[in-house]
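In: Got a sequence here, can you build the structure:
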Amino acid sequence: MTAGRASASQEICPVLGGKIDRSVYTDYKGKRVYFCCQGCIAEFIKTPDEHIRKMEEAGVILESAPAKQEHDHGQMHKHPGNLHGGSR
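Out: Okay, the predicted model is just below:
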């Protein structure tokens, strides 16, 4: 269990466990999730709630997605040049 564990910002990819690249991310349900590579985003969107649950259980505090959004980003989809739910 995570009792007694300090909370921390995300540093590890939730899919492969590698160091994150802050230019590779998706926004899901108001949270920004970072990955080590683009391929991990596709894997993440298969079971996003499970990945987020595991990170939160490990004490990871996910950043909030930027507030300015044109539409609901709770659903994963493509934006030009980026598979995510939020930037630009």
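
In: could you say which helix or strand contains residue 41?
Out: Using DSSP states H and E, residue 41 maps to helix 38-44.

In: Summarise which helices and strands that helix is packed against.
Out: Contact here means 3 or more C-beta pairs under 8 Å, 6 or more residues apart in numbering; DSSP states H and E; on that basis helix 38-44 packs against strand 21-28, strand 31-35, strand 82-84. Every residue, glycine included, has its C-beta placed from N, CA and C.

In: where does residue 56 land on pLDDT?
Out: In this model, residue 56 is scored at 94, pLDDT.

In: how many other residues sit next to it?
Out: 14 (other C-beta atoms under 10 Å).

In: What's the mean pLDDT across the helix holding residue 41?
Out: Helix 38-44 carries an average pLDDT of 97.

In: ok, residues contacting the helix or strand just after it?
Out: For helix 38-44, the following helix or strand on the C-terminal side (DSSP H and E) is helix 48-57. Helix 48-57 is contacted by residues 2, 10, 14-15, 28-29, 31, 33, 44, 62, 76 when judged by C-beta atoms under 8 Å, 6 or more residues apart in numbering.
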